[in-house]
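>>> what would the 3D arrangement of this be:
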Amino acid sequence: MSVKVSNLVKIYGEQRAVDGIHFEAHRGEVLGFLGPNGAGKTTTMKIITGYLPPSGGTAEVCGFDVAEKSMETRARIGYLPEHNPLYRDMYVREYLQFAAGVHGIKNPRQRAEAMIARTGLESHAGKHIGELSKGYRQRVGLAQAMLHDPEVLILDEPTSGLDPNQIVEIRQLIKDLGKEKTVILSTHILGEVEAVCDRAIIINKGKLVADAPINELKQQFTGQTIVTVEFAEKTDASALGKIAQVKSVKAIGPNRWQLNAAVDRDIRAEVFNFAVSNRLTLLELHRETFSMEEIFQQLTK
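Purely as a prediction, here's the structure:
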């Protein structure tokens, strides 16, 4: 694994901001790191990146303990914090070349131009960073985080301040990066987690409350398979109840029904065959799942 957190604790006075959490993040996945404000997300990310020392437990990056091998771990991490610290009086191209030089990259100009192209900054590369909108400053921060080609990317609210078109572009960039790197993504936009992440971790009051792939997380909370179906013609609950694996039937509108089955059963094929056999016209057939918003609310109320 690229990142391993074991029994991590951070205490401020009498407050346990992080309370014994543990998880792993692997190469080739985008991990969503979620929680309400004050849950300990940013504190955890600052510990992993070496900005804060832990009060207990360990954090490892690419096999190196963050507390003991700080320089080795920092060299392997790209970090975009929530409040993006930039030199606003520098030009975009100048700043990225400077940052590349700090990292000791052999061809800083060439690398800076590659990141400018990859993050869509070509039309703004000659501007002062202070003149940019928040969305474009986020792009500069993301370009800086990727300059040294890190194995691990930690992104705190990376699409904050972007317009809808920019959000789509950055999400796709993050998904592409996730194929070759370990990406830990913190966001309050839960639809973004569904769109980008392979797996989600949810923490609340410093404690880990969920860790699972997105689809598994949804199934765990549904507890059953719910299929919504609508026909053009009339049918009745008793006929629908005879479909294989159907446990219960509920009318939710004219010729519209919810069919419940066991959690590990997808009954859409059986419902389709039922419609064909009874010469019914299907207007709607889909499997219901909990949204990430609903799961998040249940876990963090």
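
>>> the worst-scoring helix or strand of the chain on mean pLDDT: what's the following helix or strand?
Within the chain, confidence by mean pLDDT, DSSP states H and E is lowest for helix 214-222 among all helices and strands, at a mean of 73. Sequence-wise, the next helix or strand beyond helix 214-222 is strand 225-231, with elements assigned using DSSP states H and E.

>>> can you give the contact residues for that next one?
Taking Cβ atoms under 8 Å, 6 or more residues apart in numbering as the criterion, the residues outside strand 225-231 that touch it are 252-253, 255-268, 271, 275, 280-288. Yep, even glycine has a C-beta here, placed from its N, CA and C like the rest.

>>> again, only this time at 7 Å
Taking Cβ atoms under 7 Å, 6 or more residues apart in numbering as the criterion, the residues outside strand 225-231 that touch it are 255-263, 265-268, 271, 275, 280-288.

>>> partners of that strand in the sheet?
Applying DSSP bridges to the sheet, strand 225-231 is found paired with strand 256-261 (antiparallel), strand 282-288 (antiparallel).

>>> off-centre distance for the longest one?
When C-alpha coordinates are averaged (Cα atoms, centre = their mean, to the nearest Å), strand 282-288 and its chain have centres 28 Å apart.

>>> now it: mean pLDDT?
Along strand 282-288, the predicted local confidence has a mean pLDDT of 88.

>>> also the first one?
Regarding strand 256-261, the rounded mean pLDDT is 89.

>>> quick one: residues in contact with that strand.
Residues from elsewhere that reach strand 256-261, judged by Cβ under 7 Å, 6+ apart: 224-230, 240, 243, 245-252, 267, 271.

>>> which of these are buried?
The neighbour-count criterion (16 or more other Cβ atoms under 10 Å) marks 225, 226, 227, 228, 229, 230, 240, 243, 246, 249, 267, 271 among the contacts of strand 256-261 as buried.

>>> quick one: low-confidence parts of this structure?
Low-confidence regions of the chain, defined here as pLDDT under 70, cover residues 1, 219, 221-224, 263-264, 289.

>>> so residue 165, which of the three states?
Three states are possible here, and by DSSP: H, G, I helix; E, B strand; the rest coil the one that applies to residue 165 is helix.
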